[in-house]
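1. generate a structure from the sequence data that follows.
(4 chains)
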Protein chains: 4
Amino acid sequence: MAGYSARKDDHSRRLRRIEGQVRGLQRMVEDDKYCIDVLTQVSAATSALQSFALSLLEEHLAHCVAEAAREGGPEAQAKVKEASDAIARLVRS
Amino acid sequence: MAGYSARKDDHSRRLRRIEGQVRGLQRMVEDDKYCIDVLTQVSAATSALQSFALSLLEEHLAHCVAEAAREGGPEAQAKVKEASDAIARLVRS
Amino acid sequence: MAGYSARKDDHSRRLRRIEGQVRGLQRMVEDDKYCIDVLTQVSAATSALQSFALSLLEEHLAHCVAEAAREGGPEAQAKVKEASDAIARLVRS
Amino acid sequence: MAGYSARKDDHSRRLRRIEGQVRGLQRMVEDDKYCIDVLTQVSAATSALQSFALSLLEEHLAHCVAEAAREGGPEAQAKVKEASDAIARLVRS
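-> So this is what the prediction gives:
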């Protein structure tokens, strides 16, 4: 079971809303909307994806990483390394 | 006509691919995929949205902003201000 | 003359403040300050650097890029491409 | 003792290098260097600050957060929340 399972419905709802934003972007391009208005919507969709990622990450730290820390050993270190790499990808994307 | 009209098909194709990535994320959450794998996909979708924004912005500078610069006056300044604000939203999102 | 020369004093002042923030970070590390407090200061310094970059970029668009657009030709296109690449580096950094 | 104390020298060295980059930026502005070259250096300094933050964060997760997780209780949850907030500031800055 993934660390975010308790909030699965919440995550699915967020992602459906982001899918709607991306479909809205396609309509804007189809209708030749003004570039700047399209860019504003892209920023909104990007922020929504990042918020989703941040809440997923918080659950991952609270469950998977914390559990590994309690068990200790090399697995605990591997989990921290893996989470840190995911954070680096988020910061740089 | 928007500055990106010549590459409308290319933009629509990119956005459909991003929509597919977001739908893929919904399936991953539905199937309880491992948090880190979900986060990797979020980073990929975020990067794809940013690349789309950057190519839209380049066209906007090459067409709308350059055209306003050639006409000069307060409209030219307004276009630069508007583009700069959009860039700031991208950098901060 | 660079496009930002009119606001050179303002830029130098901002950069000195950022230098002060980075020296403050060295003192925090020296004094074993709490990681989270150090990270908060890093975020502040990063934001200050980005604001500096955004104001430099706005001047560059308003002067160098606009001037090239008025003169037209391949130089105008090269300036837009060059500015777009700089924006991409900012968005991705 | 902060979680990063073992690598204090390494951190101080990185920060001194970043301070040097910011001083280099001041000289570039002083010498009216071309805007795009200044912006390239700003992106380099921003990336260096982010790398520093990411390595600090990894140590914080490996030490402070993992230790709190082993002790458990509300303190463990508070540490995860605090780290998540710091990550959000980094992602958004």
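2. roughly how far does the spatially most central residue of chain A sit from residue A:11?
-> The centroid of chain A falls nearest to residue A:53 when counting by C-alpha atoms, centre = their mean (1.9 Å). For residue A:53, the distance to residue A:11 (C-beta to C-beta, to the nearest Å) stands at 11 Å. C-beta coordinates here come from the backbone N, C-alpha and C atoms, glycine included.
3. thinking again about what came up before, and the residue nearest to the centre of chain A, how far is that from chain B?
-> 4 Å (C-beta to the nearest C-beta, to the nearest Å).
4. what helix or strand does that residue sit in?
-> Applying DSSP states H and E as the criterion places residue A:53 in helix A:35-60.
5. quick check: closest non-adjacent residue to the residue nearest to the centre of chain A.
-> Ranked by C-beta to C-beta, 6 or more residues apart in numbering or on different chains and with sequence neighbours excluded, the top spatial neighbour of residue A:53 is residue B:42, at 4.4 Å.
6. which ones are touching the one you found?
-> A:49, A:50, A:52, A:53, A:56, A:90, B:25 (C-beta atoms under 8 Å, 6 or more residues apart in numbering or on different chains).
7. repeat for residue A:52
-> Per C-beta under 8 Å, 6+ apart, neighbours of residue A:52: A:11, A:14, A:15, A:18, B:42.
8. read off the pLDDT value for it.
-> Residue A:52 carries a pLDDT value of 97.
9. same question for the one 4 residues further on.
-> Residue-level confidence at residue A:56 comes out at 96, pLDDT.
10. repeat that for residue A:6.
-> pLDDT, residue A:6: 76.
11. burial measure for the closest residue in space to it that isn't next to it in sequence, as a count.
-> Of all residues not flanking residue A:6 in the chain, residue A:59 sits nearest, at 7.9 Å (C-beta to C-beta, 6+ apart). As a burial measure, residue A:59 scores 20 neighbours (other C-beta atoms under 10 Å in any protein chain shown).
12. hang on, the earlier thing: which among the contacts of residue B:42 gets closest to residue B:33?
-> Proximity of the contacts of residue B:42 to residue B:33 (C-beta to C-beta) peaks at residue B:25, which lies at 9.2 Å.
13. secondary structure element holding the closest one?
-> Going by DSSP H and E, residue B:25 is part of helix B:8-30.
14. in that helix, which of the residues would be classed as buried?
-> For helix B:8-30, a neighbour-count test (16 or more other C-beta atoms under 10 Å in any protein chain shown) marks B:11, B:14, B:15, B:18, B:19, B:21, B:22, B:24, B:25, B:26, B:28, B:29 as buried.
15. and residue A:61, what does it touch?
-> A:83, D:61, D:65, D:80, D:83, D:84.
16. which one is the first one nearest to, not counting chain neighbours?
-> Beyond its immediate neighbours in the sequence, the residue positioned closest to residue A:83 (C-beta to C-beta, 6+ apart) is residue A:65, lying 5.5 Å away.
17. and the one you found, how far is that from residue A:59?
-> 10 Å.
18. what do these two both touch?
-> Contacts common to residue A:65 and residue A:59, judged by C-beta under 8 Å, 6+ apart, are absent.
19. stretch A:9-18 vs chain D: in contact?
-> No. Against chain D, stretch A:9-18 shows no contacts by C-beta under 8 Å from any C-beta of the partner chain, the least distance being 15.5 Å.
20. pLDDT on that stretch, on average?
-> Mean predicted confidence for stretch A:9-18 is 96.
21. do the same with stretch A:21-31
-> pLDDT averaged over stretch A:21-31 gives 97.
22. roughly how far out does that stretch sit from the chain middle?
-> Distance, stretch centre to chain centre, for stretch A:21-31: 22 Å (C-alpha atoms, centre = their mean, to the nearest Å).
23. also stretch A:82-93?
-> Centroid separation for stretch A:82-93 versus its chain: 11 Å, with C-alpha atoms, centre = their mean.
24. could I get the average pLDDT for that stretch?
-> Stretch A:82-93 shows a mean pLDDT of 94.
25. go through that stretch and flag the buried ones.
-> Here stretch A:82-93 shows A:82, A:83, A:84, A:86, A:87, A:88, A:89, A:90, A:91, A:93 as buried, counting by 16+ other C-beta under 10 Å.
26. what's the closest of those residues to residue D:33?
-> Once C-beta to C-beta is applied, the member of these that ends up nearest residue D:33 is residue A:91, at 28.1 Å.
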